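Participant: Sharing a model that was predicted from the sequence below.
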Amino acid sequence: MDVTVGESVILPCQVTYDPSLELKFTCNIRPGDDYDSERPPSPPNGIHVSEVSDTTVSLSWRPGLDNHSPITAYTIQARTPFSLGWQAVTTGAHYSEFSAALYEFRVLGSNAVGTGEPSRPSKQARTKETCT
């Protein structure tokens, strides 16, 4: 059942009715209850940088909760102390601009509902200098 804040919802109930009584129905919903609603994924966690070279890094992470809709894609973002915010990076690519720089990475999960919040940034990783 999907429940969105600010919208009406019909909840299944079992009641008996006495026509001689005036009835009023109320439903109390506690904040934080899980109503099996589909939402974007929770942030991935445990972002780990390994196998750092002059043009590549390997990233690993644990997926966040899928929130009742399977995760279909991840977006990896990177930043340096000199970049203007986070920039999406392409996986499986080699980046000449990675040479001898400090990087942080974060990951966002997506499902059919949308893209979730980003993970916490990884620890800073310095790419290796190329000797020429």
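Facilitator: Thanks, I have it.
Participant: all contacts plus neighbour counts: C-alpha atoms, from now on.
Facilitator: OK.
Participant: the strands in this protein, which residues?
Facilitator: Using DSSP state E, the strands found in the chain span residues 45-50, 58-62, 73-79, 87-89, 102-110, 125-126.
Participant: Pretty sure residue 44 sits against residue 60.
Facilitator: No - using C-alpha atoms under 8 Å, residue 44 is not in contact with residue 60, being 10.0 Å away.
Participant: So these two - more neighbours on which side?
Facilitator: Each of residue 44 and residue 60 has its neighbours counted (other C-alpha atoms under 10 Å); residue 44 has more, 22 against 13.
Participant: residues contacting that one?
Facilitator: Residues in contact with residue 44, defined by C-alpha atoms under 8 Å, 6 or more residues apart in numbering, are 61-65, 107-109, 118-119.
Participant: Determine which two of those are furthest apart.
Facilitator: With C-alpha to C-alpha as the measure, no two of those lie farther apart than 65 and 107, at 13.6 Å.
Participant: Compare the two (neighbour count), which wins?
Facilitator: residue 107 (25 against 16).
Participant: hmm, back to that, hey, which of the strands of the chain is tucked in deepest?
Facilitator: strand 102-110 (a mean of 22; mean count of other C-alpha atoms under 10 Å).
Participant: Return the angle between stretch directions for it and strand 45-50.
Facilitator: Using axes from the mean of the first three to the mean of the last three C-alpha atoms, to 10 degrees, the direction of strand 102-110 lies 140 degrees away from that of strand 45-50.
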